[in-house]
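Novice: predicted model follows, preceded by the sequence.
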Amino acid sequence: MARIWVAVGVGLALTALIVFRLVKLQIIDREYYVTRAEENRMRLSAVPPVRGLVTDRNGVLLAENKPAFVLEVVPEQVKDMNGLLERLRPLAELDDYEIDRFRERVAKTPRYRAVPLRGNLTQQQVAQFQLNRYQFPGVDVNAKLTRSYPLGAAAAHVVGYVGGITERELNQIEATAYRGLSQIGKVGVERSHEEELRGTPGTKIIEANAYGRPLRELDYKQGAPGKNLILTIDSKVQQVAQDALGGLDGAVVALDPRNGEVIALVSMPTFDPQLFVAGIDHASYNALRDNRRRPLYNRALQGAYPPGSTVKPFMALAGYEYDTLQPAHSEFCSGSMGIARTNRKYRCWKRTGHGWMNMASAVTQSCDIYFYKVAEGLGIKRINSFMDLFGLGSPTGVDLPLEHSGLLPSPEWKQRTRQQIWYPGETLNVGIGQGYLTTTPIQLAQITARMAMRGRGFKPHVVQATQDAISNQIERLDPEPLKPISHRLTQDWDKVENAMVQVTSSRRGTAYNVYKDAPYSSAGKTGTAQVAGMSQEELRARKLTETPFHLRDHALFIAYGPVEDPKIAVAVIAEHAGHGGSSAAPIARKVMDQYLLGKVLYESPPPEGRESAIGGQE
Amino acid sequence: MTPFPDKTRGDSTVLGTLEMVHIDPVLLALLLTICALGLTVLYSASGHSADMVINQAQRLAVGMGVMVVAAHLPPEMYRAGAPWFYGLALILCAFTLFLGDEAKGAQRWLDFGIVRFQPSELMKLATPIMVASFLHGFPLPPRWHTVILTLGLIAIPTMLVMIQPDLGTSLLIVASGTFALYLGGLRWRYILGAVAAIGASAPILWSQLHDYQRQRILTLLDPESDPLGAGYHIAQSKIAIGSGGPTGKGWLEGTQAKLDFLPESHTDFILAVHAEELGLIGVSLLILLYIGVIARGLQVAARAQDSFQRLLAGSLSMTFFVYVFINMGMVIGLLPVVGVPLPLMSYGGTSMVSLLAGFGILMSIHTHRKLLAS
């Protein structure tokens, strides 16, 4: 009996231990465990917003959202990830790169959340997978809205594309704004107007079980879809510009001088933006990136080219502004000239010389000697401050990413960057748009537009208006006026404009052949920019066709029209295409035809062709 | 020592009638209450599976049948049959090692076509019966060589079950044999010596454990270190119990089990569901019911008429306590997760039948004593 009582005592002591523990868990620490239980079952789930559409000025779709099939994996439900990937590899046609990227994403995502393994499944692949689906627990095919670019390569450099958020971007963006989103605008409007396009994600609080399967919704907070963007681009003009460049590398920018709207912005060669949306494969990306013609490089914004003779009308204006050039001033062109204290000869492109030239004929026939003299009279400092008024040397501020500023040189700049003094001869080179001076195609278009507007101007922009995706209400974005360029006398503008009009309308004008039958008035200026690497002598000695392609001159042309009421200003640069008049002017003419007349009147045999759109693998 | 005074003796009431067929009404009422509670919680823990509840109820019915049969057999028969029963159980256990089905890395099951059961469960009854019957033949308290022999009788089945491996059951077998020896009057110095010896042999025992068992013990010490892996059981179980609070979330309202956060919620960890949904009040009720069962068992032992019956009844009751204590201890995070079900509550067949057979033996000891006395 005593032994039983001892046992009872020990038993009661142990029972007391259990009861104490229960009291601790259920009474004392209860709050803590209630919280833990809630955390267990509540899952915050994002409702991704629908990205805004992008249309051109006439409502032509440039970027939209289309349902696409995505293969997704919920890691928590997969027991043997390696085995699964090996079995999925042939079925979904996965390569090592895709699998590596998938693993990286898995490592960064909560285990209950679906991770995309492969986007853009074909109907056939979807059917294949559905048949074998029972073999792949935790894997599912989901239809998701995917960005689609109906015009493809034609608007790629304006619209840009979206792609997966990279680790670096992840550190910069605000995580809550991207809840439920896996893509972000990478270049073009998609990037510069990311904020408007993206919208605000909604949130859902759902009850989920231990395997992450959502069971019911507990709370819902509405998000907002992204805004639609209406661009200033006219896709027909854009297409004409692209076709006109044909196989040439180069850029075309067309602006509306009255408000700064970008009517067309083309950089060739271009690429298919769709490749990036689903995640470009490694080989295709390398092929694009390493392509010698650099299709990903937006020449219209990033390409800094010597403006060549297109700068001459602006030099004339500068001379008038600073009174270093008299309106009636004439200069004799013998084909070359020298400057004080040096032996160097400065040559005109026309070796036999132009004879007596005034400003108008020097612009029309693009005489170099006349403008060497103009530049010599101005000096580099005055050239610098005048061109600065036009915006050279600074980005135009267009609402597109990665714009280059070009280079407006000055003695201070040269001292600072090269620790060298400025030589007087370098001023002469700048006077004909060579030497250190570089401009981007959009800057050239912009100064042309300002010439057309007598110094007034607007910041170039590609977005005309935003549209609320729900109410369809359109909000116009007002053009941003720039500080007018002071110029004392209107008649100076008129004189320079007349000279530019003669370029396209006088028999001796360098673009006369291209514009002679145009039913509208126009003003223009041709240019030829030397490619570094060969001396002037060497280049002049040869005919164009004998020069190696990559050393041939770049052809440039700027123009606007109609002169009485300017509606469009165009800048064209065609790399290695030789002379501006014969290669670049026809492109500008076609663009102006399309915009002003609604059709292209001008007909010319297209320049010798190379592939224009560079795809993935070659 | 009379928690349940025998008012029923000689009555011609229903309870009296029960006594006549060797059923102890007190024990029966307590057991049925626990089982009813168990089925109720099981319905919730299984995710509202009526099939599982019916399944469990059928097993209960079988167990009750076995209990009634066991109650009818007179205690003398157990004593006389002890060596045969013990021997058969040993053979079946040995068989399991060679022919048994493997499940979760352990060979426990023996498949007879119609019946699939664990011979180790048989051993939980055979060992205390054997030990009690063996000690009955000697003057008590036992002398040292008797103790050695008894320890051998306990050690053989324990080893057989441990290498299956089934740590929980082998612990219960050791307990059942040792309690009989203890009640037989084992000298305190032997007991203290044994405790010291166990302490010394712990490292050897450790080396004999399977990896999963070691892991469970290690994570018990620091379950939070691996909340998604090994410590998941205990962490989720504690969340379930703690979040239940004093009154619980209500029957069928526990989120931990319903949303599958609690593993093994209908088997070893059913207490967590019980505690989550019915709270501290519900658990306390269950503990009281268990205490009632054990108290009644000890009362039967105290009134037993010979040393065999006393040792056997006492051992069965105290083993039942160990059963409950180990399960509750592991579910609330006091003891390692060794895989002992909560008696009469956890879903599962063999342990239910062997438990109820044990209560049948208790009833036999109780009711046959009374008949003899009258």
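Specialist: Thanks, I have the structure now.

Novice: with adjacent residues omitted, what lies nearest to whichever residue of chain B sits closest to chain A?
Specialist: Closest to chain A within chain B is residue B:242: 2.6 Å, counting by CB to the nearest CB. Just so you know, the C-beta spots here come from the backbone N, C-alpha and C atoms, and that holds for glycine as well. Spatial nearest neighbour of residue B:242, chain neighbours left out: residue A:33 (2.6 Å); criterion: CB to CB, 6 or more residues apart in numbering or on different chains.

Novice: got the contact list for the helix or strand harbouring that neighbour?
Specialist: Element membership for residue A:33 (DSSP states H and E) is helix A:30-41. Here helix A:30-41 makes contact (CB atoms under 8 Å, 6 or more residues apart in numbering or on different chains) with A:25, A:207-210, B:236, B:238-243, B:245-246, B:255-256, B:259, B:261.

Novice: so which of these are in helices?
Specialist: B:236, B:238, B:239, B:240, B:241, B:242, B:243, B:255, B:256 (DSSP state H).

Novice: which of the residues you listed sits closest to residue B:48?
Specialist: Set against residue B:48, the nearest of the ones in helices among the contacts of helix A:30-41 by CB to CB is residue B:255 (14.3 Å).

Novice: residues touching the closest one, list them.
Specialist: A:37, A:40, A:41, A:207, B:243, B:249, B:261, B:276.

Novice: ok and the longest helix anywhere in chain B relative to helix A:30-41, angle-wise?
Specialist: Identified as the longest helix of chain B according to DSSP H is helix B:270-303. Computed by axes from the mean of the first three to the mean of the last three CA atoms, to 10 degrees, the angle separating helix B:270-303 from helix A:30-41 equals 130 degrees.

Novice: and the next element down the chain from helix B:270-303?
Specialist: helix B:307-331.

Novice: okay, now the unreliable bits of chain A?
Specialist: A:1, A:110, A:210-214, A:487-489, A:532-547, A:605-618 (pLDDT under 70).

Novice: point out the residues in it that sit beside chain B.
Specialist: A:1, A:3-4, A:7-8, A:11, A:14-15, A:17-19, A:21-23, A:25-27, A:29-30, A:32-34, A:36-37, A:40-41, A:207-211, A:215 (CB under 8 Å from any CB of the partner chain).

Novice: what about these, which are in strands?
Specialist: With DSSP state E as the criterion, strands contain A:207, A:208, A:215 from among the residues of chain A next to chain B.

Novice: can you say which of those residues are buried?
Specialist: A:207, A:208 (16 or more other CB atoms under 10 Å in any protein chain shown).

Novice: for PyMOL, what selects the buried ones among the contacts of helix A:30-41?
Specialist: Here is the PyMOL selection string for the buried members of the contacts of helix A:30-41, based on 16+ other CB under 10 Å:
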select buried, (chain A and resi 25+207+208+209+210) or (chain B and resi 236+238+239+240+241+242+243+245+255+256+259+261)
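
Novice: excluding its backbone neighbours, what's nearest residue A:43?
Specialist: residue A:208 (4.4 Å).

Novice: tell me what the one you found is bridged to.
Specialist: Per DSSP bridges, the residues bridged to residue A:208 are residue A:214.

Novice: residue contacts, it?
Specialist: Applying CB under 8 Å, 6+ apart, the residues near residue A:208 are A:41, A:42, A:43, A:112, A:214, A:215, B:259.

Novice: next one: residue A:185
Specialist: A:160, A:161, A:162, A:191, A:192, A:193, A:194, A:197, A:198.

Novice: which strand or helix spans it?
Specialist: Counting by DSSP H and E, residue A:185 is part of strand A:183-187.

Novice: what's in contact with stretch A:167-181?
Specialist: Under CB under 8 Å, 6+ apart, the answer for stretch A:167-181 is A:45, A:46, A:47, A:48, A:49, A:165, A:184, A:198, A:200, A:201, A:203.

Novice: now the residues you listed as a markdown table including secondary structure and neighbour count?
Specialist: Compiled in a markdown table, those are given as follows (DSSP: H, G, I helix; E, B strand; the rest coil; neighbours: other CB atoms under 10 Å in any protein chain shown):
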| residue | secondary structure | neighbour count |
| --- | --- | --- |
| A:45 | strand | 18 |
| A:46 | strand | 17 |
| A:47 | strand | 16 |
| A:48 | coil | 19 |
| A:49 | coil | 21 |
| A:165 | coil | 16 |
| A:184 | strand | 20 |
| A:198 | helix | 26 |
| A:200 | strand | 16 |
| A:201 | coil | 18 |
| A:203 | strand | 18 |
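
Novice: quick one: which of those is nearest to residue B:348?
Specialist: Checking the contacts of stretch A:167-181 one by one against residue B:348 (CB to CB), the nearest turns out to be residue A:45, at 37.5 Å.

Novice: now the closest one: how far from chain B?
Specialist: Using CB to the nearest CB, to the nearest Å, one gets 15 Å for the distance from residue A:45 to chain B.

Novice: show me what that residue is bridged to.
Specialist: residue A:204.

Novice: quick one, what contacts it?
Specialist: A:180, A:203, A:204, A:205, A:206, A:214.

Novice: neighbours of the third one, just the number please.
Specialist: Right, the one you point to is residue A:204. Neighbour count for residue A:204, taken as other CB atoms under 10 Å in any protein chain shown: 16.

Novice: same check on the fourth one?
Specialist: As a burial measure, residue A:205 scores 14 neighbours (other CB under 10 Å).

Novice: just give the nearest non-adjacent residue to it, would you?
Specialist: residue A:219 (4.1 Å).

Novice: after whichever strand or helix holds the one you found, which helix or strand is next? Please name it.
Specialist: Following DSSP H and E, one finds residue A:219 within strand A:214-221. Using DSSP H and E, the helix or strand that follows strand A:214-221 in sequence is strand A:228-231.

Novice: I appreciate the help and will end here.
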